[in-house]
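Colleague: this one's structure only:
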């Protein structure tokens, strides 16, 4: 078991930042464990969600932000729906992901690559181009065998387009991304 | 038929591709039921899960561009079949209720969104605006003998204060629709358990485990088909069913319909129009057995 000396490592600015970005009061969590009891993803997490909540309360910034759990949460909203103190736990998980990204943590690279490929596709075309997304993901990760078995199932059904979508507002969507990047640099 | 069943329609990206049969069947049944769908001209992606994992302002801006387009259409309500699109559209509206957040989002947009659009699922307007009695009166081919498990997925109803529809733990909208169509709806304990969502590509093992549980549970209760309302759930359970069988040593052969396809069949619409042939696990036997004498 890992022992943490909270007196030495408590980072109060981290707790305040999480509260500010999520709009949630971390001290409302009394560790009942209901979030973890309902979380379908605990079996792949390195820290169960209630422990993430506790680690945030204890100001353990690095331990939280390097956690794989942040990248394996699907925002299924079980935790938020079932929290007896009405804490929007899924919102906190989302905000922690944002912070982890900003600090350069990506402990589950395939998930980050997939999300990044998805957003690049939206930025480029205004809508998701599914085959292009898969190609970009494979290029980023080198995982050439990804879902090759599904090709023969899905392609004959005419469900995948080989040409990217064309929308007139493509540039308007690109501007959303550009302005977002500008604002983030401020 | 009421003139009020008139909506802006947001198909969502998957509706043009991997869930094309959801979009096809939605359009077909709405035409038959007298529900007018006005596709939002030049709609763009809502950003789905990846956008909100990066930043909430960006995510809401991607949704709000579409809501601003709806404002120009002079329609009060936008509907979408896809729960993921719906969550993003609703969350954007919800969060933009706060002035500071709304200003931040509008800074990213060419056309600001002022918050005048209500968003709902197609499922919600069928149940609430049209009503089950009206639906039932149009059934020409009852789904007699079809034993189904209705699977809602995780975000159609949750979190309740944002989605504001049906019960967050034990939703009944699809159950009630399917019962109205004459199907036998079995009590399905995993109605709102997550299927593994968009981890199919980056972490297939997760989907194998979570969707595997759903298929096991459907089989255990004796369902001959699963019924979904979400493109991602449907894809994980249908397209990936062989992968799940290989990974888990199972032998499932359970067709996974969109609820709109079953409404269409009960309304007597052509299978082609409902994209029945787009499903991966063949529903042939299950459809042929509908209304058969020996079906119990």
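Modeller: That came through, no problem. Given the structure is predicted, the values throughout are model-derived calculations rather than measurements.
Colleague: My read is that residue B:170 contacts residue B:191, right?
Modeller: Yes: using Cβ atoms under 8 Å, residue B:170 makes contact with residue B:191 at a distance of 6.7 Å. Heads up, the C-betas are built off the backbone N, CA and C, glycines and all.
Colleague: Comparing those two, which shows the higher neighbour count?
Modeller: More neighbours surround residue B:191 than the other of residue B:170 and residue B:191, with 23 against 13 (other Cβ atoms under 10 Å in any protein chain shown).
Colleague: Just to be sure, the more buried one is in a helix?
Modeller: No: under DSSP: H, G, I helix; E, B strand; the rest coil, residue B:191 falls outside any helix and is assigned coil.
Colleague: Quick one: residues contacting the closest residue in space to it that isn't next to it in sequence.
Modeller: Take residue B:191 and drop its neighbours on the chain: the residue closest to it by Cβ to Cβ, 6 or more residues apart in numbering or on different chains is residue B:152, 5.2 Å away. Contacts of residue B:152 were listed using Cβ atoms under 8 Å, 6 or more residues apart in numbering or on different chains, and they are B:171, B:173, B:174, B:191, B:192, B:228, B:229, B:230.
Colleague: residues contacting the last one?
Modeller: Which is residue B:230. B:82, B:83, B:84, B:152, B:153, B:155, B:156.
Colleague: separation between it and residue B:49?
Modeller: According to Cβ to Cβ, to the nearest Å, residue B:230 and residue B:49 sit 12 Å apart.
Colleague: Over to the fifth one?
Modeller: From residue B:192 across to residue B:49, the span is 17 Å (Cβ to Cβ).
Colleague: how much space between the residue nearest the centre of chain B and chain A?
Modeller: In chain B, the centroid-proximal residue (Cα atoms, centre = their mean) is residue B:229; its distance is 2.8 Å. Shown here: residue B:229 relative to chain A, a distance of 15 Å by Cβ to the nearest Cβ, to the nearest Å.
Colleague: and that residue, what pLDDT?
Modeller: pLDDT for residue B:229: 98.
Colleague: which residues of chain B score low on pLDDT?
Modeller: B:1-3, B:293-296 (pLDDT under 70).
Colleague: Please, where are all the helices along it?
Modeller: Taking DSSP state H as the criterion, chain B contains helices spanning B:20-33, B:48-54, B:56-72, B:83-95, B:99-107, B:122-125, B:132-137, B:160-163, B:173-180, B:204-220, B:231-238, B:241-248, B:259-266, B:284-288.
Colleague: Tell me how far the residue lying closest to residue A:78 once chain neighbours are set aside lies from residue A:28.
Modeller: Using Cβ to Cβ, 6+ apart and skipping the chain neighbours, the partner closest in space to residue A:78 is residue A:38 (4.1 Å). Separation of residue A:38 from residue A:28 (Cβ to Cβ): 18 Å.
Colleague: for residue A:44, same thing?
Modeller: As for residue A:44, its distance to residue A:28 is 27 Å (criterion: Cβ to Cβ).
Colleague: Those two: who's more crowded?
Modeller: Between residue A:44 and residue A:28, counted using other Cβ under 10 Å, the more crowded position is residue A:44 (16 against 13).
Colleague: so who does the closest residue to the more buried one other than its chain neighbours touch?
Modeller: Nearest residue to residue A:44, sequence neighbours excluded (Cβ to Cβ, 6+ apart): residue A:72, at 5.2 Å. Shown in contact with residue A:72 (Cβ under 8 Å, 6+ apart): A:41, A:44, A:45, A:108, A:111, B:199, B:203, B:206.
Colleague: next one: residue A:94
Modeller: Contact analysis of residue A:94 by Cβ under 8 Å, 6+ apart lists A:22, A:73, A:75, B:52, B:53, B:56.
Colleague: For the closest residue to residue B:96 other than its chain neighbours, which residues are in contact?
Modeller: Once flanking residues are discounted, residue B:96 sits nearest to residue B:102: 4.2 Å by Cβ to Cβ, 6+ apart. Taking Cβ under 8 Å, 6+ apart, we find residue B:102 in contact with B:96, B:113, B:115.
Colleague: Quick one, which of these are buried?
Modeller: Among the contacts of residue B:102, the ones that count as buried by 16 or more other Cβ atoms under 10 Å in any protein chain shown are B:96, B:113.
Colleague: Go through the contacts of residue B:102 and say which is closest to chain A.
Modeller: The nearest member of those to chain A, counting by Cβ to the nearest Cβ, is residue B:113 at 11.9 Å.
Colleague: I figured the closest one hits residue B:71, correct?
Modeller: Yes: using Cβ under 8 Å, residue B:113 makes contact with residue B:71 at a distance of 6.9 Å.
Colleague: Can you tell me how far residue B:106 is from residue B:65?
Modeller: 11 Å.
Colleague: next one: residue A:101
Modeller: In this view, residue A:101 and residue B:65 are 23 Å apart by Cβ to Cβ.
Colleague: Between these two, which is the more surrounded one?
Modeller: Taking other Cβ under 10 Å, residue A:101 and residue B:65 do not tie; residue B:65 has more neighbours (29 against 19).
Colleague: How about the contacts made by that one?
Modeller: Shown in contact with residue B:65 (Cβ under 8 Å, 6+ apart): A:169, A:172, A:173, A:176, B:44, B:109, B:110, B:111, B:113.
Colleague: Apply the buried test to those residues and list what passes.
Modeller: Neighbour counting over these (16+ other Cβ under 10 Å) leaves A:169, A:172, A:173, A:176, B:44, B:109, B:113 as the buried ones.
Colleague: Chain neighbours aside, what residue packs nearest to the second one?
Modeller: Among residues not flanking residue A:172 along the chain, residue B:110 sits closest, at 5.2 Å (Cβ to Cβ, 6+ apart).
Colleague: what's the one you found in contact with, if anything?
Modeller: Residues in contact with residue B:110 (Cβ under 8 Å, 6+ apart) are A:172, A:175, B:65.
Colleague: Give me the distance between the residue lying farthest from the centre of chain A and residue B:167.
Modeller: Residue farthest from the centre of chain A, counting by Cα atoms, centre = their mean, is residue A:156 at 33.0 Å. Residue A:156 sits 40 Å away from residue B:167, going by Cβ to Cβ.
Colleague: before we move on, what about residue A:79?
Modeller: Counting by Cβ to Cβ - residue A:79 and residue B:167 are separated by 18 Å.
Colleague: who has more neighbours, the two?
Modeller: Counting neighbours by other Cβ under 10 Å for residue A:79 and for residue B:167 shows that residue A:79 has the greater number, 28 against 14.
Colleague: now that one, what's its secondary structure?
Modeller: helix.
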